[in-house]
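>>> dropping a prediction and its sequence here:
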Amino acid sequence: MQLSPEDEVELRRLRWKCRRGMRELDQLFGRYLDREWRQASVADRAVFLRLLGCEDDKLWHWFMGHEVAPDAELATLVSAIRQLPP
């Protein structure tokens, strides 16, 4: 899917925002951007943006399966990202 120039700028901005300083989180977010972002719906993109606004320690616990995000949409997205193949 071809992105508009505005979407390409947004994708570059998001890639920068996905850099969390934890290799595991960086890789998980990078996979989502590379494989899912382009075809994601507006609603799914909004959930991803909310996920990026969460604190790193919470993200770590959610992605490592130690806890479940209290928000159902975030929990569903975390699960989907965890299932993306490496």
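Good, I have the coordinates. Quantities reported herein were computed from a predicted structural model and do not represent experimental measurements. Numbers count the residues shown, from 1 in each chain.

>>> need the residue closest to the centroid of this protein.
Among the residues of the chain, the one closest to the centroid is F29, at 4.5 Å (Cα atoms, centre = their mean).

>>> next, it: phi, psi?
phi -70, psi -40 (degrees, to the nearest 10).

>>> show me where this protein has its helices.
5-17, 23-35, 42-52, 56-63, 72-82 (DSSP state H).

>>> want to throw those into a markdown table with mean pLDDT?
Formatted as a markdown table, those follow (pLDDT from 0 to 100):
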| stretch | mean pLDDT |
| --- | --- |
| helix 5-17 | 90 |
| helix 23-35 | 95 |
| helix 42-52 | 96 |
| helix 56-63 | 96 |
| helix 72-82 | 98 |
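
>>> wait, what's in contact with the residue nearest to the centre of the chain?
Contact analysis of F29 by Cβ atoms under 8 Å, 6 or more residues apart in numbering lists C18, R20, L52, I81. Any C-beta I mention is one placed from the backbone N, CA and C, and that applies to glycine too.

>>> among these, name the buried ones.
Taking 16 or more other Cβ atoms under 10 Å as the criterion, what is buried in the contacts of F29 is C18, I81.
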